[in-house]
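In: predicted model, plus sequence, below.
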Amino acid sequence: MAQKNSNSTKTKLDAKAIIEELKTPGLIILGMVGGNLAGKLIDKAVKVDEEATGFQAKALVKPIIQITAGVGGALFLKDKNLKLIATGVAATGIASTVKVFLKKDILQGLTNFAGLGDSSDTNPVNQVFREPISLSIAPYDPDLPQLPPASNTQIAALPIENENEVSGAEMGE
């Protein structure tokens with residue numbers, strides 16, 4: 001019989017391992033929030049006409065700065081945590097680039113969540129809920145023709161069998 005290897009590694013779930021696993025996405029999200037806040041400051045400094053329908057070169061200033069800062073930080077910083085934050089800043093720059101070219105914010109569903117997205121409605125209830133849609137269906141009315149009135153004919157009653165007739169003797173054995 002084969003023996004089980006006693007040197008097999010078993011994964012232990014402790015607080016330190018859980019925090020270490022959650023730290024990576026947390027730092028990236030922190031970088032995205034920081035990049036978005038920096039983007040709002042850039043928007044205040046460089047005014048871009050949101051109503052214009054054509055392409056504006058000034059609209060690319062914010063994404064270029066965010067992507068350059070994020071990629072530069074990820075390349076030149078030594079600390080692993082700071083590299084993850086810089087990656088989040090670069091991700092915000094990519095989201096800003098998509099917004100410039102497609103005129104749609106890919107973070108729109110995250111409005112007012114940790115500073116992400118822009119809000120056109122300041123009421124938080126209206127941002128989450130909307131008016132219900134009526135899904136009621138009108139009742140089916142086939143509009144069938146009227147049947148002619150029944151004549152005064154009587155319906156013959158069906159004969160009812162009694163116990164003697166239902167004995168089962170005629171069925172055989």
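Out: Arrived safely, thanks for sending.
In: for this structure, name the helix or strand with the lowest mean pLDDT.
Out: Of all helical and strand segments in the chain, the minimum by mean pLDDT, DSSP states H and E falls on helix 124-128, at a mean of 60.
In: any idea how far residue 62 is from residue 142?
Out: Using CB to CB, to the nearest Å, residue 62 is found at 62 Å from residue 142. Any C-beta I mention is one placed from the backbone N, CA and C, and that applies to glycine too.
In: actually residue 38, sorry about that
Out: 65 Å.
In: name the residue in those two with the higher neighbour count.
Out: Shown here are residue 38 and residue 142; by other CB atoms under 10 Å, residue 38 has more neighbours (17 against 4).
In: ok so residue 100 is a strand residue?
Out: No - Residue 100: not assigned to a strand; according to DSSP: H, G, I helix; E, B strand; the rest coil it is helix.
In: who's in contact with it?
Out: By CB atoms under 8 Å, 6 or more residues apart in numbering, the contact set of residue 100 is 59-60, 63.
In: return the member of these nearest to residue 32.
Out: Lowest distance from residue 32 to the contacts of residue 100 (CB to CB) belongs to residue 63, with 13.6 Å.
In: for the strand or helix carrying residue 89, what does the pLDDT average out to?
Out: Element membership for residue 89 (DSSP states H and E) is helix 80-102. Mean per-residue pLDDT for helix 80-102: 89.
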